[in-house]
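With the input below, show me the fold.
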Amino acid sequence: MRPISRRRALQLGALGAAGVVVGGVGLSVTGLPASWPPGTRQVGTDGPLSEPPVLRSDNGVLRTVLEITEQEVELAGRRAVVQAYNGSVPGPTWRVHPGDRIEVRLVNRIDAPTNLHTHGLHVSPEGNSDNPFLSIEPGESFDYEFELPADHPPGTYWYHPHRHGLVADQIFAGLYGAIIVDDDVSVTRERLLIVSDISLRGDDTVRPPSRPEVMMGREGDLLMVNGQAQPEISMRPGERERWRIINACTSRYLRLALGGQQVHLLGVDIAHLARPAPVERVLLSPGNRADVLVTAQTGTSELRTLGYDRGGMMGMMGGGALSGPATLATVRVEGARVADGGPLPEREALPDLRDRAPVRRRDVEFTMGMGPGMGMRGTVFGFDGREFDHDRVDQRVEVDTVEEWTIHNPTPMDHPFHLHVWPVQVVEEDGRALAEPAWRDVVNVPARGRVTVRVAFDTFGGRTVYHCHILDHEDLGMMAVIDAA
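Numbers count the residues shown, from 1 in each chain. Here you go, the predicted model:
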């Protein structure tokens, strides 16, 4: 089946814990790189941290136009010709509340088809909502409508293209933005940090990846926060800030640390902890988000990614895929101390699906092997030995039931698993049961490992996808179709 046209879509729309915390749930079986990976560049500071423009819902509705253009912007302290939402990289931040409606007219002014995915939102996958099968052609526009349930979990989400075959290229070129579903946590200040990477050629255009880079999952030469290279964050001693951090890289893992500062984790992805936990490091797979509280201590610190070895492919030149260490931002804390922020916020714990008996148990498996004439250079990227096919339904599930899935990864690389629409609760890692509920919408499955999750297919029916969130792998076929009825 070809992607659904705009006209057809309109028809469908008319119808109807303390210490070290691992955000991705799943540790790599490999060690840390000892040096910078080839191509990664350290650059000077790009000035104070800036944030994207913010759009807020009004009377329960956020209504906006999102125009995609190829244009010149300032990126990482230099001129760059990229793809942008409304002329900015990242795109505008949408702030809404549970129960709100988001209405977006997407206008495609680039020379390739595209669409829009609201990553992590629990919304319908059908018609003109979060429908991954739509294709908005060059010169066309399309009206999206996303209805958030009244009990939608607050948290940090994001939007980006999801047109199969072009996802990695378009996100890498600058198409991403944040969605915040608000709550009532009180802090001195809130900041958004969208981490992304890009590679630029000498003429300031985006450098296409080589074939080996696509096979491994590309990582850009420039690593940025909100489109800036190593920006500065200024705080006063004692201030408590809430940082919402999004890993919008196409393939890069982030192992975050902020030495010298007091950091508490509020949650990862849709999850929130009943009580914030002190942390030293947080691992974010591509697509993961972290929600942290930073209480400022006098001095200068660096927000760093410590490096992560996500494995490799036998026979590939250069060996493994190293998400190398890097400084993301500098934090300067000086001035008069502010009043104590008071007790840390406590919230009601999330539900535990282990209290609901699964109606079915399934096994799914990442595929990355050799097959004649399939994939790039004869490599099969997919699930259960099959590449992605729009026409085929790989899993059929029943609405308002709970299932248990064990996700196997026999490959020599880590793969982050992402299921649209329905978040998952991780219950086991390599056969070891988790003590507390761990809710995610992106789950890292380590090389030669397995992770077991439970899924409540509640609220919505419809046809959507699950896939590897190393986005080059998704584009090569590591995606499958699920239909809930």
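
Figure out the helix or strand that the spatially closest residue to residue 387 that is not a sequence neighbour lives in.
For residue 387, ignoring the flanking residues on the chain, the nearest one in space by C-beta to C-beta, 6 or more residues apart in numbering is residue 477 at 3.4 Å. (C-beta placed from N, C-alpha, C; glycine too.) Using DSSP states H and E, residue 477 sits within no helix or strand.

how many neighbours does residue 477 have?
Using other C-beta atoms under 10 Å, the number of residues around residue 477 comes to 25.

What's the end-to-end length of stretch 168-180?
Stretch 168-180 has an end-to-end distance of 23 Å (criterion: C-alpha to C-alpha, to the nearest Å).

Look up how far residue 452 lies from the nearest residue to residue 363 once chain neighbours are set aside.
In this structure, residue 363 finds its nearest non-sequential neighbour in residue 406, 5.1 Å apart by C-beta to C-beta, 6+ apart. For residue 406, the distance to residue 452 equals 5 Å [C-beta to C-beta, to the nearest Å].

just to revisit the earlier point, OK, contacts around the residue nearest to residue 363?
361-364, 428, 450-452 (C-beta atoms under 8 Å, 6 or more residues apart in numbering).

In PyMOL, select just the buried ones from those residues.
Remark: buried members of the contacts of residue 406, expressed as a PyMOL selection using 16 or more other C-beta atoms under 10 Å:
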select buried, resi 364+450+451+452
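
Adding secondary structure, pLDDT and distance to residue 274, write the contacts of residue 406 out as TSV.
Formatted as TSV, the contacts of residue 406 follow (DSSP: H, G, I helix; E, B strand; the rest coil; pLDDT from 0 to 100; distance: C-beta to C-beta, whole Å):
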residue	secondary structure	pLDDT	distance to residue 274
361	strand	97	28
362	strand	98	30
363	strand	98	32
364	strand	98	31
428	strand	95	21
450	strand	97	28
451	strand	98	23
452	strand	98	23
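
Of the contacts of residue 406, which is the nearest to residue 80?
residue 451 (37.2 Å; C-beta to C-beta).

and the closest one, bridged to which residues?
Per DSSP bridges, the residues bridged to residue 451 are residue 407, residue 429.

Adjust the sequence numbering to begin at 33 for everything that follows.
New numbering, starting at 33: the last item is residue 483.

pretty sure it is touching residue 449, no?
Yes. Counting by C-beta atoms under 8 Å, residue 483 touches residue 449, with 7.4 Å between them.

Common neighbours of the two, please.
439, 475-477.

Let's see the pLDDT reported for the residue of the chain most remote from its centre.
When distances are taken from the C-alpha mean of the chain, residue 368 lies farthest, 37.0 Å away, according to C-alpha atoms, centre = their mean. pLDDT, residue 368: 94.

same check, this time on residue 338
pLDDT at residue 338 comes out at 96.

same deal with residue 59?
32.

what does residue 318 give?
So residue 318 comes in at 98 (pLDDT).

Could you check how far the residue nearest to it when sequence neighbours are not counted is from residue 133?
Distances taken as C-beta to C-beta, 6+ apart place residue 501 nearest to residue 318, at 4.7 Å, with adjacent residues excluded. As for residue 501, its distance to residue 133 is 27 Å (criterion: C-beta to C-beta).

Settle it for me: which of these two has more neighbours?
residue 501 (28 against 15).

quick one: the residue farthest from the centre of the chain and residue 267 touch, right?
No. The criterion here is C-beta under 8 Å, and residue 368 misses it with residue 267 at 12.0 Å.

shared neighbours of those two, which are they?
Shared contacts of residue 368 and residue 267, defined by C-beta under 8 Å, 6+ apart, are absent.

what residues are up against residue 265?
Counted by C-beta under 8 Å, 6+ apart, residue 265 has contacts 80-81, 223, 335, 361-364.

ok, these vs residue 374, which is closest?
Of these, the one sitting nearest to residue 374 (C-beta to C-beta) turns out to be residue 223, at 19.5 Å.

Just confirm the closest one contacts residue 277, I think it does.
No. With contacts counted by C-beta under 8 Å, residue 223 stays clear of residue 277, the gap being 9.0 Å.

Looking at those two, which is more packed in?
More crowded of residue 223 and residue 277, by other C-beta under 10 Å: residue 277, with 24 against 18.

Cool, thanks, signing off.
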